[in-house]
Structure formats: structure tokens, C-alpha cells
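Participant: What follows is a predicted protein model with its sequence.
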Amino acid sequence: AILKIHARSVPLESAADLEVIASMTPGFVGADLANIVNEAALLAVRRSKDKVGLPELQEAVERVIAGLEKKNRVLNKAERERVAHHEVGHALVTLSIPGTDSVQKVSIIPRGIAALGYTLQLPTEERYLMTKSELENKIAMLLGGRIAEEVVYHEVSTGAQDDLLKATQIAKSMVKTYGMSEKMGQVTFDLERQPLFLQTGQPSMPGDYSEATSREIDCEIRRIIDEQYARVRKILTEQQNLLRHAASVLLEKETITGEELKAIIAQFNVSPRTRPSHN
């Protein structure tokens, strides 16, 4: 409904289905939706179109989520190949495990400030809660690029730094904030998030628990990451031929859709969304 209000300000093609855009943008606030409509209108003008079509709206969503394309950021051949395997790694892991957002697009065209490639995932519905297993799946997806590099090149690059940072932060929140560690028990160590009525007026310090507890927290964070690492390593090792082939297609086309990737997977008789065994 909010998207339709913002879209009134621009002429739309009959094929510009706003329901498609709404399904791509759950959780977006009014300002985000207004930005999408404005970006789409600018794209239509640049393309000498009188009306805004679905392609312009979809490209505008990508711009808002991932940033502008940076085609002047030229990578050498080896870097492009590594980025292709990295991004396909993310996508294959996403399509191999349940509880993850759908893959819309995989690209090796740089976008935004630092991204050399990206895997565009879009939620199918608005979500306000996440379970422990869903957070573990999210960590697995984030590790997919790094581990794909390991499987193919036998070493990682600096390109996985942001993925590792996000994965570690999720694991840390699981242990310290959400009480999702059986070893640490049903407690939280995130003292900075105390409710107002429990605050003592004195600033809480990161060391408000013992060194032994701090070490246990670190060990639990590492355990969560290591378990997902082993899980993803198994997936991508078993799908190594598929990984290499899909990366070669991505290198040739620069961008592939989620449906195109599923078609490639079907050629290898690998069923997407199967739960691999893990502890």
C-alpha cells in the first residue's frame, strides 16, 4: 500500500507489477520505498523511456540494497575468477540448506563502496524473530564464499573479511545476548542491553564477568563458527564440480539469476534445499 502511494508520482508501464517489488522489499520503510521509486524514474529517463517499467524498479531495488554498479573498478583475471567462485559459494550454500532467504541474483559486477561481487538474497516475508537454527544457517551462508575459495584455491583471500566479521558477530550474539549456548546456560552476558529499570547508574564494563567465563564465551563463539565451517566445507567439497562449473558460467555472463543457477544445479542432479547432516 505504501509503495503504491509513492508510485503515484511516476507513470508506470502496465507490466510494472508493484506486487513483485513489494515481495522483494519486506521490512522496507517509506523512505526506502520512495528512494526506489525515484531511482527507477531516473533510470527510465536515462533509458529514454516515457514510463517506468519492472526492469527499472528491480534495478532500483538492487541499488538501494547493494549500491551503485562500479564497472570502472576493474579486477584482473585471477581476481575475477576468485570473486566468481566466492559468490557462487555463497549461493550454493544458500540453496543447499533450509531457512535461508531465496537467491535472486549472483554477480561479479562490483557494487557500492567495497563489494567486488554480490549474492542478492531477498526475504519472502517480513521477519521479526529468528531461531537458533536459522542463525546457524545464516552463519553457514556467510562462510560459503570463504570456504569456496579454500576448496578451489586451497587458501583464502582478504575478500572474505566482511563475511567473517558478520558471522562472528552473529555467533557472539547467540552466546552473549540470546542465551543460545547450552554450555553457558540460560543467561545473557550482554550487560550493555540491560532494561532501564535494572540499570544501577554505573556504566557496565565488558569485564563484569570473570576471565574464566570470558574464555568460555570465546570458546563457544569459536565452536559455533567451527561447526558451521565443517558443515559448509562438506557441502562445497561434495559439490566442487558444480561450484567450478557455475563459477565459469558466472565469469562468462557476469550476472546470473537465481533461476539460472537452479537450472545449472539441476544439470548436476543436486537437489537444492536438502539438509546436510551436521552435529
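Facilitator: Noted; the coordinates are in hand.

Participant: Can you name the secondary structure element that comes next after the host helix or strand of Glu134?
Facilitator: If you go by DSSP states H and E, Glu134 is part of helix 132-153. The element immediately downstream of helix 132-153 (helix or strand, assigned by DSSP H and E) is helix 161-176.

Participant: quick revisit: the helix holding Glu134: which residues count as buried?
Facilitator: 135-152 (16 or more other CB atoms under 10 Å). In short, each C-beta sits where N, CA and C put it, glycine included.

Participant: Which neighbouring elements make contact with it?
Facilitator: helix 77-96, helix 161-176, helix 211-238, helix 240-253 (3 or more CB pairs under 8 Å, 6 or more residues apart in numbering; DSSP states H and E).

Participant: Dump those helices to TSV, plus mean pLDDT, distance to Gly53 and mean neighbour count.
Facilitator: Formatted as TSV, those follow (pLDDT from 0 to 100; distance: least, CB to CB, whole Å; neighbours: other CB atoms under 10 Å):
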stretch	mean pLDDT	distance to Gly53	mean neighbour count
helix 77-96	95	26	24
helix 161-176	94	33	18
helix 211-238	95	37	17
helix 240-253	96	22	17
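
Participant: quick one, strands of the stretch 1-150 of the chain?
Facilitator: 102-107, 118-122 (DSSP state E, counting those that start in this stretch).

Participant: how near is the residue nearest to Lys172 when sequence neighbours are not counted to Ser214?
Facilitator: Distance criterion CB to CB, 6 or more residues apart in numbering; nearest residue to Lys172, sequence neighbours excluded, is Ile221 at 5.3 Å. Separation of Ile221 from Ser214 (CB to CB, to the nearest Å): 11 Å.

Participant: Same check on Thr131?
Facilitator: 27 Å.

Participant: How about residues contacting stretch 147-158?
Facilitator: If you take CB atoms under 8 Å, 6 or more residues apart in numbering as the criterion, stretch 147-158 is touched by 82, 85-86, 88-90, 92, 146, 159-160, 229, 232-233, 236-237, 240, 243-244, 247.

Participant: go with 6 Å
Facilitator: Stretch 147-158 has contacts (CB atoms under 6 Å, 6 or more residues apart in numbering) with His85, His86, Gly89, Arg146, Val232, Arg233, Leu236, Thr237, Gln240, Leu243.

Participant: I figured the second one hits Arg146, correct?
Facilitator: No: the pair formed by His86 and Arg146 falls short of the contact definition of CB atoms under 6 Å, at 7.5 Å.

Participant: Report the angle between the helix holding Glu134 and helix 161-176.
Facilitator: Using axes from the mean of the first three to the mean of the last three CA atoms, to 10 degrees, the direction of helix 132-153 lies 150 degrees away from that of helix 161-176.

Participant: Once you drop chain neighbours, what's closest to the residue nearest the centre of the chain?
Facilitator: By CA atoms, centre = their mean, the mean C-alpha position of the chain lies nearest to Gln121, the distance being 5.8 Å. Leaving aside its sequence neighbours, Gln121 sits nearest to Asp101 (CB to CB, 6+ apart; 4.0 Å).

Participant: What does the pLDDT read for the one you found?
Facilitator: pLDDT, the model's per-residue confidence, is 79 for Asp101.

Participant: tally of neighbours for it?
Facilitator: The number of residues packed near Asp101 is 17, by other CB atoms under 10 Å.

Participant: my guess is it meets Leu120, correct?
Facilitator: No: counting by CB under 6 Å, Asp101 sits too far from Leu120 to count as a contact (9.5 Å).

Participant: show me the contacts for Ser181.
Facilitator: Going by CB under 6 Å, 6+ apart, Ser181 touches Val175, Glu220.

Participant: whoops, I mixed them up, Tyr209
Facilitator: Contacts for Tyr209 (CB under 6 Å, 6+ apart) come out as Phe189.

Participant: What pLDDT is listed against it?
Facilitator: Tyr209 carries a pLDDT value of 77.

Participant: measure it to Tyr178 for me?
Facilitator: Taking CB to CB, one finds Tyr209 at 16 Å from Tyr178.

Participant: One more: Pro55?
Facilitator: From Pro55 to Tyr178 the distance is 40 Å (CB to CB).

Participant: got it, and Leu135?
Facilitator: For Leu135, the distance to Tyr178 - CB to CB - is 8 Å.

Participant: for Ala167, same thing?
Facilitator: Remark: distance between Ala167 and Tyr178 (CB to CB) = 15 Å.
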